[in-house]
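# This is a predicted model, with the sequence first.
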Amino acid sequence: MIQVDANKCLGCFACSNICPNQFITREEEEGKRRTIRWSKCKEECDICVEFCPAKALTLIPYSDSTPEVIEVSFDLVPCEVCKKGFATEPLLKRIRETVPSNLQTDSTGRSWVEICPFCRRELEAEMASKQVVQSRRK
Amino acid sequence: MMRVYVDINRCIGCRSCEVACKRVHGGKGHVNVHISEDRASVPLFCHHCEEAACTMACYSGALTKDGERTSFSLDKCTGCGLCRLACPFGVVWTDKLAHKCDLCAPNETPTCVLTCPAQALSNDYELALKRARARAGRATILGGKR
Amino acid sequence: MSKSLVSTICPYCAAGCGFYVAVEKGRATGIEYMLEHPANEGSLCPKGNAALEVVYSEDRLLYPMKRNGNEWSRISWDEALKLVSKGLGRTIKNSGPDFAGFLSSSKCTNEENYLIQKLARSLGSRNVDNCARLCHAPSVVGLNRTLGAAGMTNPIPDLANSKCIFVIGSNLAENHAILSRWIHRAKDRGAQVIVADPRLTHTAWLADLFLQLKPGTDVALLNAMMKVIIDEDLVDKAFISKSTKGFEDLVKAVKDYTPEKAAEITGVPAKDIVKVARMYAKSPASAILYSMGITQHTSGTDNVQSVANLALITGQIGKEGTGVLPLRGHNNVQGACDMGALAEFYPGYRKSDDPETAKFFGQTWDTISLPVGRGLTATEMIDAACNGELKAMYIVGEDPANSDPWSSHVKDCLENLDFLVVQDIFMTATAQLADVVLPAASWAEKEGTYTSTERRVQWSNRALEPPGEAKSDLEIVCMVAKSMGLNFDYPDAASVLAEINRLVPTYKGITRERLGIGGLIWPCPSTDHPGTPILHSAGFKLQDGRALIAPVQYKPAAEDTGTEYPLILTTGRIAVHFNAGSMTRRSPSLMERAPNLFVEINPEDAAPLRINDGDSVEVTTERGTTTALARVTDSVKQGVVFMPFHYPGTNFLTTDARDAEAKIPEFKVAACNIVRRD
């Protein structure tokens, strides 16, 4: 069975995607909260352990005394622009750590990490077309 | 394989690239046409950045630089979603697993470039440059407009 | 596994784009671009890219069906043909052949259109028409009168040679997307582009100068432009004296249209009118592109004539990069008209009220007396159905219950018929009113020729088998004709084309063997003729070889705004849908991009009505009320609202007021009001 270190978990989708038996499920309250559930499994399989980006999972011997379901929940961080929740804080932290800081801002110096992908596209479109639109508005 | 250049002055917002991209990628499109101020249309898709943040965030080796291209191997993807959050332009999607522009490899010319009615998309750097210069020339003739 | 690539012509608009359907084991697996095609060079719009979705739609009609009350039951082809021949036959026998009406289809091939009008006329009915009536009937009338030929004068790729492109009443960027390619190419070579439209459309994005005129004021704009051109002596005197007549009348007719007066009527600044007039007249090669913004008016024919007048007084016709370029709607609306599926013309635009015409076709059609005289137009047939002057109809591949104005009225009229047979690929709103429905093959499941807007006649191959018991329209029409005792023995489309070659002079040299990729552009009078991409380069096919300058006066639209209906509703199209939407609304990748009917409204109009972007609103005209989602945008002027007509709601609202001559309804102007739904 799988032991979860809730302090390390990023709240990503890797383990739930990868589990061959669908013991790991996820639920998302759109734009608000994300929950990941590990149902207790007897398998000697550690594929989720291997693929966890945060090394938050460990394969441990089966025991009757542990709960049937482990649940980890995250509030989703709201997008700076549209205010809808779009990612867990540990995921964003991971981005801040893995992407060099000089790449974390756009050409105007604004940080994009806290902006949701949809708004990033909107901003990109606006920036790319701003000059052209202005010149056409006379 | 060359990356795709967008000429906003030519784009007519017809969304043909969106439909075509989706058609050749098994129902998952990697292009999004945004309309700015009800006027300009901007097709958005992977820039194939030289320093690609998505490849840096990807821990499974699914996203890597392959020459100019930022390439993606589906069989290594865990669907964690880090790449989606690492893309500054919001053009890597996760739909269970990640998907993004592959420049229609191994075809020489991406589908969006072929289908674009207005020739707003091209994979010819020289052409993109030539058009920009021509527009600057035109602007002078037309009294500063564009 | 063997994959074959079958060359076909896109079933949507009249641009005539070619593409290949990839077929494996009898199933279409994809589309491959046809880079060698002269008009689209491989590119396709979103509709073209999604074309196969329609072929494999779950909604395809698979079997003939008959209706009992509200119940449909599957019947055999034998029974269907018996019901059709009985239904049509009874009307013809009891009431006379002119009590039967036939709507041919601008989605069908030339061969099929030829056969449908032949069937109607062989049965003695004058009433055959097609939905060109709803898009370019004024072009047929107006251009035949002024230029002696109805069609684009210059081919699409020739736009690249133009130095000034004037687009009026056409949102080609969305509706004929590949045209933008050639306009850009002209711009790359230094051309200037002018767009006149009530809306700031994606086409306006191509423009160097955009004129936002009030809907229905085109004649005022064009007349004022001509006045400027005459006053500033920018006319082409040599061309006028050598190749035209009527110029003096025009000078008199436009003398009061000062730019200032036109500015008042159109809302376009006077200085812009002067500027555009000079740009158009002075350029060494100017082309005018127009579409339904010109034609769908009570003044449609006047508008078309006005466009032709402008080209004639400046000599911007008959040469490379010039011309009058009506952009047609359906893939074969040009061909349906060429083939005589029109109330006023037999094939080859031979006038139906000329006894010589009936005599000519009577000799080859083995029918002793063909009807003489103009029949009922598509729009008139609807009225006649209402008042009992038409009792039976055979409608092929058209959906008047959605595509005609004031659609609730159209449905009532069609329900009043004694017998209605509809032949289509889907159970359209019109088919639901039928007594018998016949399942047709889609474009990929049949072969034949289509004539694109640039008069390009192209062969489209059969890539797939029709689903279920569906058959090509050609087969079905032949079966119906035979069941009514006519000798319609045509084994395939090529045999029909051979008959067309014999009877229609402009198609004489366009034989099956000669049609490869890109086809041939009519007129093509002999089998060694290369086709005629540019019309009128050696004079006009009118008396003395001269074009007619036919002046017109500005007339306001039929409906005006007032206190009850303070806004002008204008209609049009968007890139991801096509016409009445029976195909595109069944295409998932198009539908997901534009699922809902919307109405564009200016922020200044929206604010006092407390309407915000995205609100559900009710739009009302004299004829009814429709719900739509509001799009608050400054791309429409204050006082004007816009709705696309791809959704059933829109034509619930439009007026059936018509152009007196061409009988086209005024889809482009209706007085309306809007309220927020709370």
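Perfect, I can see it now.
# The residue sitting nearest the centre point of chain A and A:V72, how far apart?
Central residue of chain A (C-alpha atoms, centre = their mean): A:C12, 4.0 Å from the mean position. A:C12 sits 11 Å away from A:V72 when distances are taken as C-beta to C-beta, to the nearest Å. The C-beta positions use only the backbone N, C-alpha and C, and glycine is treated the same way.
# can you check B:R131 too?
For B:R131, the distance to A:V72 - C-beta to C-beta - is 52 Å.
# Next: C:N402.
For C:N402, the distance to A:V72 - C-beta to C-beta - is 53 Å.
# More neighbours: which of the two?
Ranked by neighbour count (other C-beta atoms under 10 Å in any protein chain shown), C:N402 and A:V72 place C:N402 first, with 25 against 19.
# Quick one: residues contacting that one.
C:N402 makes contacts with C:428-430, C:580-582, C:648, C:651, as judged by C-beta atoms under 8 Å, 6 or more residues apart in numbering or on different chains.
# Same question for C:G348.
Applying C-beta under 8 Å, 6+ apart, the residues near C:G348 are C:338, C:340, C:503-507.
# just those residues that are near chain A?
Near chain A, judged by C-beta under 8 Å from any C-beta of the partner chain, there are no entries from the contacts of C:G348.
# Name the nearest of the residues you listed relative to C:A441.
The nearest member of the contacts of C:G348 to C:A441, counting by C-beta to C-beta, is C:D338 at 22.0 Å.
# What sits closest to the closest one if chain neighbours are left out?
C:T451 (5.9 Å; C-beta to C-beta, 6 or more residues apart in numbering or on different chains).
# Count the residues that sit near that neighbour.
Neighbour number of C:T451 under other C-beta under 10 Å is 32.
# Next: the one 4 residues further on.
Burial measure for C:R455: 29 neighbouring residues, criterion other C-beta under 10 Å.
# Output the below-cut-off pLDDT ranges for chain B.
For chain B, residues meeting the criterion pLDDT under 70 lie at B:1-2, B:137-146.
# got the domain boundaries for chain C?
C:3-55, C:65-135+C:331-521, C:152-326, C:567-676 (automatic domain parsing).
# could those domains be laid out in JSON lines, adding mean pLDDT?
Listed next are those as JSON lines, based on pLDDT from 0 to 100:
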{"stretch": "domain C:3-55", "mean pLDDT": "97"}
{"stretch": "domain C:65-135+C:331-521", "mean pLDDT": "96"}
{"stretch": "domain C:152-326", "mean pLDDT": "97"}
{"stretch": "domain C:567-676", "mean pLDDT": "95"}
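# hmm, who's touching the longest strand seen in chain C?
In chain C, taking DSSP state E as the definition, the longest strand is strand C:624-632. Applying C-beta under 8 Å, 6+ apart, the contact partners of strand C:624-632 are C:406, C:408, C:596-603, C:606, C:611-620, C:643, C:649-650, C:652-653, C:674, C:676-677.
# Just the ones of those residues in helices?
C:408, C:603, C:606 (DSSP state H).
# Count the residues that sit near the first one.
The criterion is other C-beta under 10 Å. On that basis, C:S408 has 13 neighbouring residues.
# Quick check, it in contact with C:E622.
No - between C:S408 and C:E622 there is no contact under C-beta atoms under 8 Å: 11.8 Å.
# Tell me, how many residues neighbour residue 79?
This is for chain A. So A:C79, with other C-beta under 10 Å, has 19 neighbours.
# actually it's chain B I care about, not the one you picked
When neighbours are counted by other C-beta under 10 Å, B:G79 comes out with 22.
# That one touches A:F13, doesn't it?
Yes - the pair B:G79 / A:F13 is scored as a contact, 5.1 Å apart, by C-beta under 8 Å.
# which residues are common contacts for those two?
B:94, B:96.
# what residues are up against the nearest residue to B:R10 once chain neighbours are set aside?
Once flanking residues are discounted, B:R10 sits nearest to B:A120: 3.7 Å by C-beta to C-beta, 6+ apart. By C-beta under 8 Å, 6+ apart, the contact set of B:A120 is B:6-12, B:43.
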